[in-house]
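In: Model the following, please.
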Amino acid sequence: MKARRVKGLDPVGTLADNAERIVRTRLDEVCSFMPRASDPGEVTALHDMRIAAKRLRYVLEITHPCFGAYAEQAVRLTKDLQDLLGEIHDCDVQVPEVVAVLNELIDQDADALAAEHRGAEDLPPAAVAAAPHVDRYAGLVALAVQLSGRRRALFERFLELWQDYERRGFRARLEFAVSERAAMTPTEL
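Out: All right, here's what the predicted structure looks like:
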């Protein structure tokens, strides 16, 4: 996901004024993925939201001293969001990898059974018990189920977290915080 361009940056302006523009743009980026990211099938939107949260977090980590008190708390909240979305993404990557390994073993075993029973009128169902990789199927299926279940639980937690952020006014409070200026001398800003 390409970062949104930050408009209105002033190379001779204060750090706080430019940082405010950057934070507002990055915050808008994060929030723009909702409600699309509330669909569990929107894997790309969830991944892109994680990247946007990472960008917001990094700029807040550096610039939060320029702003009101909530900006420092927003660093932690943004990190929590980024971490949770990262765990969801890990599952989104791992499940297809596990299924791909399982499918490779199935193809290898199907080839082996077909070769072993070449010329036979049919392949008896019991022949699968002698397939070279049959002992691995259950473990891979169990891993895929565990990762899929974990992903669903993490996604539910994400929806609850986002709802909590909305209820507590995360966006509005951060927008207000970046409009405030910390008690610093103009040369420090």
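
In: which of the residues in stretch 46-66 are buried?
Out: For stretch 46-66, burial by neighbour count (16 or more other Cβ atoms under 10 Å) applies to 46-57, 59-60, 63-64, 66. For every residue, glycine as well, the C-beta is placed using N, CA and C.

In: and P96, how many neighbours?
Out: 11 (other Cβ atoms under 10 Å).

In: Repeat that for D164.
Out: Count around D164 with other Cβ under 10 Å applied: 11.

In: Ok, the one 10 residues further on next?
Out: Neighbour count for L174, taken as other Cβ under 10 Å: 26.

In: With F176 instead?
Out: What F176 shows, counting by other Cβ under 10 Å, is a neighbour count of 14.

In: hang on, V59 packs against I22?
Out: Yes: using Cβ atoms under 8 Å, V59 is in contact with I22, at 5.3 Å.

In: helices and strands around the longest helix along the chain, which ones?
Out: In the chain, taking DSSP state H as the definition, the longest helix is helix 70-116. When contacts are defined as 3 or more Cβ pairs under 8 Å, 6 or more residues apart in numbering; DSSP states H and E, helix 70-116 packs onto helix 15-31, helix 43-63, helix 134-167, helix 170-179.

In: closest to D111 out of those helices?
Out: D111 lies closest to helix 134-167 among these, at 13.9 Å (Cβ to Cβ).

In: other SSEs contacting that closest one?
Out: helix 70-116.

In: I'd like the average pLDDT over the helix it packs on.
Out: Across helix 70-116, the average pLDDT comes to 97.

In: from now on call the first residue 32
Out: Noted, 32 is the first residue going forward, which turns the last one into helix 101-147.

In: Secondary structure element holding K33?
Out: Assigned by DSSP states H and E, K33 belongs to no helix or strand.

In: Contact partners for it?
Out: If a contact means Cβ atoms under 8 Å, 6 or more residues apart in numbering, then K33 has no contacts.

In: May I have the phi/psi pair for it?
Out: Main-chain torsions, K33, degrees, to the nearest 10: phi -80, psi 140.

In: any idea how far it is from E60?
Out: 10 Å (Cβ to Cβ, to the nearest Å).

In: Assign a three-state SS to R36, would you?
Out: What DSSP: H, G, I helix; E, B strand; the rest coil gives for R36 is coil.

In: so who does it touch?
Out: T56.

In: Out of the helices and strands packed on helix 101-147, the one nearest Q104 is which?
Out: Comparing those by their distance to Q104 (Cβ to Cβ), the top pick is helix 201-210, with 8.5 Å.
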